[in-house]
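**Q** based on what follows, work out the 3D shape:
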Amino acid sequence: MQATARIYFQKAPAKKTKDDLCPVKLCVTHNRVRKYYSINEAIKDHDWLYVPETAIEKITCDSPRGKYRDMAFEYKRITDEAGAIINGLREFSFNQFEEAFFHTVTDWDNVFTAMIDHIKELKSEDRFSYAMSFESTLRAIKEFHQGRAFDYNCRQKVVNRYQEYLSGKPLNFVDISPAWLKKFEKHLQRQDKSRSTIGIYVRNLRVLFNLAVNEHKVRAENPFKKHKPKTAEGRKIALTAEQISLIANYATSDPKEQFYRDMFMFSFLGCGMNLTDIARLRFSNIEGGEIVFVRKKTEAEEQTEEALRIPITRQMQTIIDMHGVKAVGHDAFIFPILRPDWDEEHKFAGVRQLVKLVNHYVKQIAKAVKIEENVSSYVARHSWATISKNTGASTEYISEQLGHSSVLVTRPYLKGFEKETREQQSGKIEDVVYNNKAI
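**A** All right, here's what the predicted structure looks like:
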């Protein structure tokens with residue numbers, strides 16, 4: 001016979017408190033044996049551990065109202081949790097049930113505490129970009145849960161406002177359901193967040209949920225079995241060879257505009273090398289006319305760090321000669337972007353500033369040469385991949401030079417073929433059909 005679990009109100013005079021309140025217990029019955037358990041660790045509001053006898057009927061009726069409805073929902077949550085434990089036991093025993101039910105409640109039961117701990121961990125691993133993503137996720141969840149926006153500015157990081165995030169109404173992992181996730185996504189949509197951003201926030205929450213359950217032994221039903229994060233295939237902007245040429249040959253007397261334009265071009269010529277990798281390049285990375293390096297993005301993820309080899313073209317060498325650091329030292333940074341005495345957090349901030357300035361000046365140049373696309377530093381990477389494909393390079397070669405783990409990762413880069421190429425191919429097909437010309 002399967003065990004059952006229910007909430008039991010101890011009405012006996014001997015059990016009541018001096019204030020004449022009835023203790024609330026969890027009653028588990030198996031083979032006509034009953035055991036009563038404290039729900040002190042399981043309940044959210046300790047005021048609900050004891051209730052007046054006159055309130056019991058209001059809580060247990062078919063349609064409880066107001067605070068009695070909240071209490072009924074909370075008691076049901078506890079019995080549902082106990083029932084899930086019972087159903088998970090191959091053969092029921094009170095000892096096994098007690099061991100599972102009286103787990104140690106950790107700080108990680110609370111979503112905000114868990115998120116802050118995870119952000120600290122990411123920063124300790126120098127994964128500052130990923131930590132920033134979780135900081136944005138934390139703020140979005142907190143604002144949704146509290147029902148109001150916060151006026152923190154971008155310089156007020158989580159490290160300076162722990163107490164604000166931990167104060168107020170708590171949010172536990174057991175509170176997150178498929179319905180909660182849907183409401184969260186609708187809230188973000190009303191905030192004009194893009195589909196991509198919404199997907200990132202929900203995936204970050206899923207990562208945190210898995211860590212809480214698998215590593216910190218938090219007990220909660222997985223809502224992501226029934227709710228999948230939104231996905232959005234972002235538009236991969238790739239400039240044509242002619243547009244890249246306009247940027248490359250743009251004449252300027254502004255040294256800053258020239259420097260940041262050249263960093264954009266170094267990224268393009270360097271097989272779409274990311275700016276974070278360019279900033280970290282050292283003269284020791286130059287071997288036999290090639291730049292040999294491991295991508296910063298993947299160095300912490302790959303079990304075997306496979307170095308990329310990028311040939312140094314004549315123009316890349318010109319950029320190194322023009323802007324490179326003249327300091328003596330085989331291990332000196334090539335470009336004057338980062339300082340060797342900076343810690344990883346300062347280097348991360350330095351790279352962010354580089355990206356910001358490259359974007360500013362390249363947009364400025366693009367506007368001057370009548371390029372209508374929204375040009376940014378990342379366009380260099382997509383443009384190199386697409387132009388390489390259009391000039392005959394294989395997908396396998398492009399994938400290898402981009403440092404992708406698979407050609408499946410590369411293919412989205414190659415969807416934006418130049419309009420001219422598409423028109424030429426369509427014209428060839430038309431000639432075959434109507435003019436009997438061979439392709």
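**Q** use CA for all of it now, contacts and neighbours both
**A** OK.
**Q** max-length strand in this protein?
**A** strand 21-30 (DSSP state E).
**Q** so which elements touch that strand?
**A** Judged by 3 or more Cα pairs under 8 Å, 6 or more residues apart in numbering; DSSP states H and E, strand 21-30 is in contact with strand 4-9, strand 33-38, strand 50-52.
**Q** wait, which of the ones you listed is closest to Asp343?
**A** Closest approach to Asp343 among the helices and strands packed on strand 21-30 (Cα to Cα): strand 33-38, 50.2 Å.
**Q** just to revisit the earlier point, reformat the helices and strands packed on strand 21-30 as TSV; add mean pLDDT and distance to Glu185.
**A** Below are the helices and strands packed on strand 21-30 laid out as TSV (pLDDT from 0 to 100; distance: least, Cα to Cα, whole Å):
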stretch	mean pLDDT	distance to Glu185
strand 4-9	95	34
strand 33-38	92	37
strand 50-52	94	37
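**Q** low-confidence ranges, this structure, go.
**A** Within the chain, the segments meeting pLDDT under 70 span 1, 103-106, 153-160, 162, 231-236, 297-305, 327-328, 405-439.
**Q** at 50 instead, please
**A** 104-105, 302-303, 439 (pLDDT under 50).
**Q** quick one, domains of it?
**A** 4-101, 107-225, 241-422 (automatic domain parsing).
**Q** could you say which helix or strand contains Glu74?
**A** Using DSSP states H and E, Glu74 sits in helix 66-88.
**Q** ok now that helix, how far from the chain's centre?
**A** Centroid separation for helix 66-88 versus its chain: 32 Å, with Cα atoms, centre = their mean, to the nearest Å.
**Q** out of the helices and strands packed on strand 21-30, nearest to Lys226?
**A** strand 4-9 (25.8 Å).
**Q** what does the longest strand of the chain contact?
**A** By Cα atoms under 8 Å, 6 or more residues apart in numbering, the surrounding residues in contact with strand 21-30 are 1-11, 15-17, 34-39, 48-53, 79.
**Q** redo that, cut-off 7 Å
**A** The contact list for strand 21-30 (Cα atoms under 7 Å, 6 or more residues apart in numbering) reads 2-11, 16, 34-39, 49-53.
**Q** do a quick rundown of the helices in the stretch 201-350 of the chain.
**A** Assigned by DSSP state H, counting those that start in this stretch, the stretch 201-350 of the chain shows helices spanning 241-248, 255-269, 275-279, 314-323, 344-368.
**Q** picking up where we left off before, now the domains of the chain as JSON lines including mean neighbour count?
**A** Converted to JSON lines, the domains of the chain look like this (neighbours: other Cα atoms under 10 Å):
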{"stretch": "domain 4-101", "mean neighbour count": "15"}
{"stretch": "domain 107-225", "mean neighbour count": "16"}
{"stretch": "domain 241-422", "mean neighbour count": "17"}
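**Q** which one is the residue nearest to the spatial centre of the chain nearest to, not counting chain neighbours?
**A** By Cα atoms, centre = their mean, the chain has its centre lying nearest to Asn204, at 4.2 Å. Distances taken as Cα to Cα, 6 or more residues apart in numbering place Phe134 nearest to Asn204, at 6.6 Å, with adjacent residues excluded.
**Q** how about the one you found, phi and psi?
**A** The phi/psi pair for Phe134 (degrees, to the nearest 10) reads phi -70, psi -30.
**Q** relative to Asp107, how far out is it?
**A** Note on Phe134: its distance to Asp107, by Cα to Cα, to the nearest Å, is 18 Å.
**Q** still on that earlier bit, so what are the sheet partners of the longest strand of the chain and their directions?
**A** Within its sheet, strand 21-30 is paired with strand 4-9 (antiparallel), strand 33-38 (antiparallel), strand 50-52 (antiparallel), according to DSSP bridges.
**Q** for those, give me a markdown table that also has distance to His404.
**A** Below are these laid out as a markdown table (distance: least, Cα to Cα, whole Å):
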| stretch | distance to His404 |
| --- | --- |
| strand 4-9 | 52 |
| strand 33-38 | 54 |
| strand 50-52 | 59 |
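**Q** of all the ones you listed, which lies closest to Tyr152?
**A** With Cα to Cα as the yardstick, what comes closest out of those is strand 50-52 (39.9 Å).
**Q** can you give me the angle the helix or strand following the closest one makes with strand 4-9?
**A** Scanning forward in sequence from strand 50-52 by DSSP H and E, the next helix or strand is helix 53-60. On the basis of axes from the mean of the first three to the mean of the last three Cα atoms, to 10 degrees, helix 53-60 is oriented at 150 degrees to strand 4-9.
**Q** what packs against helix 53-60?
**A** helix 66-88 (3 or more Cα pairs under 7 Å, 6 or more residues apart in numbering; DSSP states H and E).
**Q** residues making contact with the helix it packs on?
**A** For helix 66-88, contacts defined as Cα under 7 Å, 6+ apart pick out 3-7, 42, 48, 58-60, 92, 97, 100-101.
**Q** alpha carbons of it, as PDB, please.
**A** The C-alpha trace of helix 66-88 is given here as PDB (Å, rounded to 0.1, in the frame of the first residue of the first chain):
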ATOM      1  CA  GLY A  66      -7.500  36.100   1.000                       C
ATOM      2  CA  LYS A  67      -4.800  35.000   3.300                       C
ATOM      3  CA  TYR A  68      -6.500  31.600   3.800                       C
ATOM      4  CA  ARG A  69      -6.100  30.900   0.100                       C
ATOM      5  CA  ASP A  70      -2.400  31.600   0.400                       C
ATOM      6  CA  MET A  71      -2.100  29.400   3.400                       C
ATOM      7  CA  ALA A  72      -4.000  26.600   1.700                       C
ATOM      8  CA  PHE A  73      -1.700  26.900  -1.400                       C
ATOM      9  CA  GLU A  74       1.400  26.700   0.800                       C
ATOM     10  CA  TYR A  75       0.200  23.700   2.700                       C
ATOM     11  CA  LYS A  76      -0.700  22.000  -0.600                       C
ATOM     12  CA  ARG A  77       2.800  22.800  -1.900                       C
ATOM     13  CA  ILE A  78       4.300  21.000   1.100                       C
ATOM     14  CA  THR A  79       2.000  18.000   0.800                       C
ATOM     15  CA  ASP A  80       2.800  17.800  -3.000                       C
ATOM     16  CA  GLU A  81       6.500  17.900  -2.200                       C
ATOM     17  CA  ALA A  82       6.100  15.100   0.400                       C
ATOM     18  CA  GLY A  83       4.000  13.100  -2.200                       C
ATOM     19  CA  ALA A  84       6.700  13.500  -4.800                       C
ATOM     20  CA  ILE A  85       9.300  12.100  -2.300                       C
ATOM     21  CA  ILE A  86       6.900   9.200  -1.500                       C
ATOM     22  CA  ASN A  87       6.400   8.400  -5.200                       C
ATOM     23  CA  GLY A  88      10.100   8.500  -5.800                       C
END
